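Structure for this input, please:
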Amino acid sequence: MDTAFFTELNVELGGAAARAELAGTVNSEPACGGPWSDELQHGGPPSALLVRLAEQLATTAAGRSDLVAARIAAEFLAPVPVAPLTVSARVLRLARSAVLISAELAAGGRACLQARVWLVPENHRAAGPHSGSASERAPEAAATAEDAAATAEDAAATPENRDDPLARPVFDMDGFPYARHLEWRAVSGAARRPGPASTWARARVPLVAGERLSSLQRLALVADSASGISSLVDWDDWSFANVDLDVHLTRQSQDDWVLMQAVSEYGAGLGMARSTLSDRAGVLGAGLQTLLIRSRRD
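You can find the predicted model right below:
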């Protein structure tokens, strides 16, 4: 087993504030290999890597350490090879309330994956029906705000969330390199059985050697598998490659495990995979993929 999805990440930062840029190189390890070819990456690792690059650039450009990545919109322009890649990122928007970064991976001088990543200042105060100043709330509501928040969090946690993932049976997703570098535990459905499925997943190795995954990195790494676990066709006869990946995050998590509840819908050559992403405290965010459904027999 490889020690990381990516190694030898070397980047240089240039410019300042809204003109800050990042450029460099990275080596893709065999662990990135996807289901259609060991030489082509699964979409999870490169998408998560672009989140990591955006986080680094945003922190430098804004001169602050409280920014967290909240959303990635990735577009696959070409298959991402398991090979040395060039990386780059630039600032699209720099404000006190949010930072928008554009990041790109290229191979052999050709762009293969681009993404926009939004980052916002981390706020430890949860918004909701009990938010607002004390003067805006009834005294009894203010006195029970902590209890109400705890009740809401408990309601968001499904029975699956409360489980110990390791108590669940293994979800059979070990047929290709990327899948073997994650740990999978079944909740419902099966990897090769058509229809919706739910599984716990966590990385066995770091995204980048020596680094811990951030919340959005962790979700992007897993969410690109939604189309695979909930596919509606035989993998040997059909491909369902995604051309994009959108992941939205609602809060930060320190949990290494992600619960992915996925469903796919197919039309005439097109499809969509949707996922709800949670940790053991409740919902974390959501993922969405556009799929190209093609026969592998043609």
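
V233 and I293 touch, don't they?
Yes - in this structure, V233 is within contact of I293 by C-beta atoms under 8 Å, at 7.2 Å. In this view, the C-beta of every residue, glycine as well, is placed from N, C-alpha and C.

Need the overlap of contacts for those two.
F240, Y266 (C-beta atoms under 8 Å, 6 or more residues apart in numbering).

Strands of the protein, residue ranges please.
Using DSSP state E, the strands of the chain run over 6-14, 21-28, 67-76, 84-94, 99-107, 110-121, 182-190, 193-203, 238-242, 244-249, 258-266, 270-279, 282-295.

mind listing what the most centrally placed residue in the chain touches?
When C-alpha atoms, centre = their mean is applied to the chain, the residue found nearest the centroid is A220 (1.1 Å). By C-beta under 8 Å, 6+ apart, A220 lies in contact with G44, S47, A48, L50, V51, I72, A74, L245, V247.

Same list (those) but as CSV, adding distance to R212, pLDDT and neighbour count.
As requested, these are exported to CSV (distance: C-beta to C-beta, whole Å; pLDDT from 0 to 100; neighbours: other C-beta atoms under 10 Å):
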residue, distance to R212, pLDDT, neighbour count
G44, 17, 98, 28
S47, 18, 98, 29
A48, 12, 98, 28
L50, 17, 98, 26
V51, 13, 98, 30
I72, 18, 98, 27
A74, 21, 98, 26
L245, 22, 98, 26
V247, 18, 98, 31
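
Now do the contacts for the closest residue to P79 other than its chain neighbours.
Leaving aside its chain neighbours, P79 sits nearest to L40 (4.6 Å; criterion: C-beta to C-beta, 6 or more residues apart in numbering). Residues near L40 by C-beta under 8 Å, 6+ apart: G33, G34, P79, V80, P81, V82.

quick check, nearest of those to S214?
V80 (20.4 Å; C-beta to C-beta).

and the nearest residue to the closest one once chain neighbours are set aside, how many residues sit next to it?
What sits nearest to V80 in space, not counting adjacent residues and going by C-beta to C-beta, 6+ apart, is Q41, at 4.2 Å. Neighbours of Q41 under the rule other C-beta atoms under 10 Å: 31.

okay, A191: pLDDT?
A191 carries a pLDDT value of 84.

residues contacting M272?
Counting by C-beta under 8 Å, 6+ apart, M272 has contacts S264, E265, L288, Q289, T290, L291.
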